[in-house]
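> Mind looking at a prediction? Sequence and model below.
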Amino acid sequence: CTATSKGAQPRRSAEAARRAVDQRPGAAGAVVVVVITILGFDSTAAIITPDISLQSAEQFANRMRSVIAARGSTGVPATARAADRRHDLCVMNTPVAAGRPAALASSTGLKVGDAVYAVGFSGGKSLSMSEGRVTALHDMDGARVIETDASFQQGASGGALFDGEGRMVGVLTFFIPGLKRHFAVPADWLSEALVASGELPLPLDTGAPPFWAAADEDKPYVLRAIQHENDGNWGRLQAVAKEWVEAEPNNRAAIEAAVRASHLPALH
C-alpha cells in the first residue's frame, strides 16, 4: 500500500498542475499563462489577478514598445504597471481579464525533491508543461530562488512554476545552456509589485541588469560558482567557494562547491 501511495502522488500532482493551466473554453482550472507578442516574437506571462500578469523585466528593456497579451487567436493590449529590474519581474495590466488567476504560494514551503511543473511557451510556440523536481533552493532577498530540472527554453521566461498542488511558487526566469539547471524567481518577490499602481512608459529604462545577468562580482555566489565550474576554471571556483563558505558556513551548496573545487568526492 505504501508503494502504491507514493507512486500515485506524482500523477495527482501533475494533474493539479494541468488543471491550473487548462486553456480550453469553459475549463474549470485557472488560465494562468498567455503569450506575449512583442515586435514579432513571443514570450510568456503568468496571470496573477484577473487583470494583472507577469513578464520578465529584461524582456521589456530597450526594445519593447508595444505588448499584446494573447490567448488563442484573440488578444488585448497590455501596459507595464511595475518593474523590479533586480529580480527580473515586470507586472502588467490588461483592460479586461485575460484568464483566471493563479493561486500563489511561498517558496519557503518547498524542499529539495518536491515535484514542480514548468509551464510556458518554450520557443514561442504552443503551451507546454515540463515535470521535474526541486534540485536546490538558494536563499536570496528574503526568499528562495528555485533551481529545478523541470526544463524550459527561451520564450518561456515569465511563465509559471507550479507545485504539486497547482499553486504558482515561482516565475520561470533563466537557464544555463548545456546543463539541466533551470531557475525560477520566487513568487514571494511579487508582493511589492502588486501594490504598485500607475503605468510605466515602454521601453523600460535599462537600469542595472537583473541579478542573473550582472557582472561576475555582483552575481550571487551560486551563479558565480556554476559559471566557473562550467568553464573549468578551478582556481576561480575555489576562490569563490572559499568566500561563499566563509559568508554562509551552513549552506550545503557552498560546501559542495568547495568540495568540487578541491576535486574531492561530492557530499552525499
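On my side now, so go ahead.
> gap between residue 221 and residue 177?
Residue 221 sits 21 Å away from residue 177, going by CB to CB, to the nearest Å. For every residue, glycine as well, the C-beta is placed using N, CA and C.
> just the strands in the stretch 101-250 of the chain please.
Along the stretch 101-250 of the chain, the segments classed as strands by DSSP state E, counting those that start in this stretch run 115-120, 128-140, 143-148, 160-162, 168-176, 181-186.
> Among the ones you listed, show me which one is buried the most.
strand 160-162 (a mean of 32; mean count of other CB atoms under 10 Å).
> in its sheet, what does that one sit against?
strand 115-120 (antiparallel), strand 168-176 (antiparallel) (DSSP bridges).
> out of the ones you listed, nearest to residue 88?
Minimum separation from residue 88 across the strands paired with strand 160-162 (CB to CB) falls at strand 168-176, 5.5 Å.
> Pull up the distance across stretch 210-220, start to finish.
End-to-end distance for stretch 210-220, by CA to CA, to the nearest Å: 11 Å.
> what mean pLDDT would you report for that stretch?
With pLDDT averaged residue by residue, stretch 210-220 scores 89.
> what's the answer for stretch 160-175, then?
On average, stretch 160-175 scores 90.
> measure that stretch end to end?
Using CA to CA, the two ends of stretch 160-175 sit 14 Å apart.
> One more: stretch 142-156?
25 Å.
> go on, stretch 80-94?
9 Å.
> Compile the strands of the stretch 101-250 of the chain into JSON lines and extend it with columns for distance to residue 252.
Shown next, in JSON lines, are the strands of the stretch 101-250 of the chain (distance: least, CB to CB, whole Å):
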{"stretch": "strand 115-120", "distance to residue 252": "19"}
{"stretch": "strand 128-140", "distance to residue 252": "9"}
{"stretch": "strand 143-148", "distance to residue 252": "13"}
{"stretch": "strand 160-162", "distance to residue 252": "21"}
{"stretch": "strand 168-176", "distance to residue 252": "19"}
{"stretch": "strand 181-186", "distance to residue 252": "16"}
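> Looking at those, which is nearest to residue 154?
Of the strands of the stretch 101-250 of the chain, nearest to residue 154 by CB to CB is strand 168-176, at 8.7 Å.
> can you give me the angle that closest one makes with strand 143-148?
60 degrees (axes from the mean of the first three to the mean of the last three CA atoms, to 10 degrees).
> can you tell me how far the nearest residue to residue 145 once chain neighbours are set aside sits from residue 107?
Of all residues not flanking residue 145 in the chain, residue 138 sits nearest, at 4.4 Å (CB to CB, 6 or more residues apart in numbering). Computed with CB to CB, the distance linking residue 138 and residue 107 is 10 Å.
> Which neighbours do the two have in common?
144, 145, 146 (CB atoms under 8 Å, 6 or more residues apart in numbering).
> Out of those, which is nearest to residue 242?
residue 145 (21.9 Å).
> ok, now which ones touch the closest one?
So, once contact is read as CB under 8 Å, 6+ apart, residue 145 ends up touching 107, 137, 138, 183, 184, 185, 186, 220, 222.
> between residue 221 and residue 177, which one's more packed in?
Of the pair residue 221 and residue 177, residue 221 is the one with more neighbours under other CB atoms under 10 Å, namely 19 against 8.
> All set now, cheers.
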